[in-house]
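Chemist: Next come a sequence and a model predicted from it.
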Amino acid sequence: MTNSREEVADGSRRRSDLAELVRNISYEVMPFKKTEQDVLTHVPTTVPLTVTVTEAKGMDTTLDLTERLLRLGYCVAPHLPARLFIDAAHVQDVVARLGESGVKSVFVIGGDAPEPVGAFPDAYSLLQAMEAAHHPFQEVGIGGYPEGHGAIPQEAIELALKQKAPLATRVLTQICFDATTTSAWAARIAAAGVELPVYVGIPGPVNRQKLMRISAGLGLGQSARFLQKQQSLLWRFLLPGGYHPTKLAKRLGTALPKVRNNIRGLHIFTFNELRRTEAWRQELLASAAEGSDRR
């Protein structure tokens, strides 16, 4: 009987952890021609958004879309890639523009440009310039890498995170398909003194054919570029039955109680599959709520 009660309690905790993750979801979108209309049609204004920067369109396209979505009532964080900023005056101009537009949240990354166009080679240098410009943002996100980075040594990744953390308010991770690896990494960075809340990046329910087109393209945003570099991850999507976001979300809910829990929510790489992503979120919300009601 004791074991049965413990199993019920464990199941309830897992559902509770999953429900908390699902309640704290944000979507990443790419600034394409139909993105604004697709967001308006399929995404409630209660879901926070981030907007990537594409190499083909540049940063202004992202800032323009951010401002339009803000006027429609969304909470929007533009990606700010350090390598696309020219100098301190450029940083000041973008900070002033976003502040005047009412932007309260940004996501600062190094960016995928092979060479910096100006004085900022990485996210840390841009964060310092933003501080010097007295930015008004309430939320400043930075990237996290549970499985490391293919082009950057692990020691450099860990040092960069410690440097950036005092200038940020949250960490958004890159894709990792192993929930145990992600939760252990989150616990490890907390133990190392990075106390920021972590939002775990996972792909949404992506159409495989669309993903192939995106990953074969150039300059389509951080998530697509990441997949382009990580072909082993790409195959996870393309193989039948190889990936479904519900499985990964539930595994994260199971893994969280086993470690120090600084994971607060999920950041969904939508690949602009917004209708399917929102339908999936609603199903997961209903499932998590039903599980909580049974406790």
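Modeler: Ah, there it is.
Chemist: can we go C-alpha only for contacts and neighbour counts from here?
Modeler: OK.
Chemist: which residues of the stretch 151-295 of the chain fall in helices?
Modeler: In the stretch 151-295 of the chain, the helices defined using DSSP state H, counting those that start in this stretch lie at 154-164, 179-191, 208-216, 222-229, 231-238, 245-255, 274-293.
Chemist: and these, which one's lowest on average pLDDT?
Modeler: When mean pLDDT is averaged over each of those, helix 222-229 scores lowest at a mean of 51.
Chemist: separation between the closest residue to A249 other than its chain neighbours and Y145?
Modeler: Spatially, and ignoring its direct neighbours in sequence, A249 is nearest to L18 (7.0 Å; CA to CA, 6 or more residues apart in numbering). Distance of L18 to Y145, given as CA to CA, to the nearest Å: 22 Å.
Chemist: Of those two, give the one with the bigger neighbour count.
Modeler: L18 (26 against 21; other CA atoms under 10 Å).
Chemist: Next, work out how far apart that one and A129 are.
Modeler: For L18, the distance to A129 (CA to CA) stands at 37 Å.
Chemist: Ok, Q138 next?
Modeler: Distance, Q138 to A129, by CA to CA: 16 Å.
Chemist: The two: who's more crowded?
Modeler: Set side by side, Q138 and A129 show more neighbours around A129, with 20 against 11, by other CA under 10 Å.
Chemist: Now do the closest residue in space to the more buried one that isn't next to it in sequence, the pLDDT please.
Modeler: Spatially, and ignoring its direct neighbours in sequence, A129 is nearest to A88 (6.5 Å; CA to CA, 6+ apart). Looking at A88, its pLDDT stands at 98.
Chemist: ok, now C176?
Modeler: Listed pLDDT for C176 reads 83.
Chemist: The residue nearest to A249: what secondary structure?
Modeler: helix (DSSP: H, G, I helix; E, B strand; the rest coil).
Chemist: Now do the contacts for it.
Modeler: A249, K250, L252, G253, T254, A288 (CA atoms under 8 Å, 6 or more residues apart in numbering).
Chemist: Can you tell me how far it is from H244?
Modeler: L18 sits 15 Å away from H244 when distances are taken as CA to CA.
Chemist: Please apply the same query to I109.
Modeler: As for I109, its distance to H244 is 27 Å (criterion: CA to CA).
Chemist: neighbour count winner among these two?
Modeler: Neighbour totals were compared for I109 and H244, and I109 leads with 20 against 15 (other CA under 10 Å).
Chemist: which residues does that one form a beta bridge with?
Modeler: Beta-bridge partners recorded for I109 (DSSP bridges): P81.
Chemist: What residues of stretch 199-207 count as buried?
Modeler: Residues of stretch 199-207 classed as buried by neighbour count (16 or more other CA atoms under 10 Å): Y199, V200, G201, I202, P203, G204, P205, V206.
Chemist: and if you look at stretch 132-143?
Modeler: A133, H135, P136, F137, V140, G141, I142, G143.
Chemist: before we move on, what about stretch 33-44?
Modeler: So, applying 16+ other CA under 10 Å, buried residues of stretch 33-44: T35, E36, V39, V43.
Chemist: Can you tell me which of these comes closest to A123?
Modeler: Looking at these and their distance to A123, the nearest is T35, at 26.2 Å (CA to CA).
Chemist: what residues are up against the closest one?
Modeler: Contacts of T35 (CA under 8 Å, 6+ apart): V29, N272.
Chemist: Could you measure from it over to A82?
Modeler: 24 Å.
Chemist: what kind of secondary structure is Q128 in?
Modeler: Going by three-state DSSP: Q128 is helix.
Chemist: How about it: what's its closest non-neighbour residue?
Modeler: According to CA to CA, 6+ apart, the nearest residue to Q128 is L167 (7.7 Å).
Chemist: Might one say that P78 is in contact with P48?
Modeler: No - in this structure, P78 is not within contact of P48 by CA atoms under 8 Å, at 11.1 Å.
Chemist: So what's the gap between stretch 49-56 and the chain middle?
Modeler: 12 Å (CA atoms, centre = their mean, to the nearest Å).
Chemist: end to end, how far does that stretch reach?
Modeler: End to end - CA to CA - stretch 49-56 spans 21 Å.
Chemist: dump the residue contacts of the residue lying closest to P245 once chain neighbours are set aside.
Modeler: Among residues not flanking P245 along the chain, G204 sits closest, at 5.7 Å (CA to CA, 6+ apart). By CA under 8 Å, 6+ apart, G204 lies in contact with H244, P245, I268, F269, T270, F271, E273, T277.
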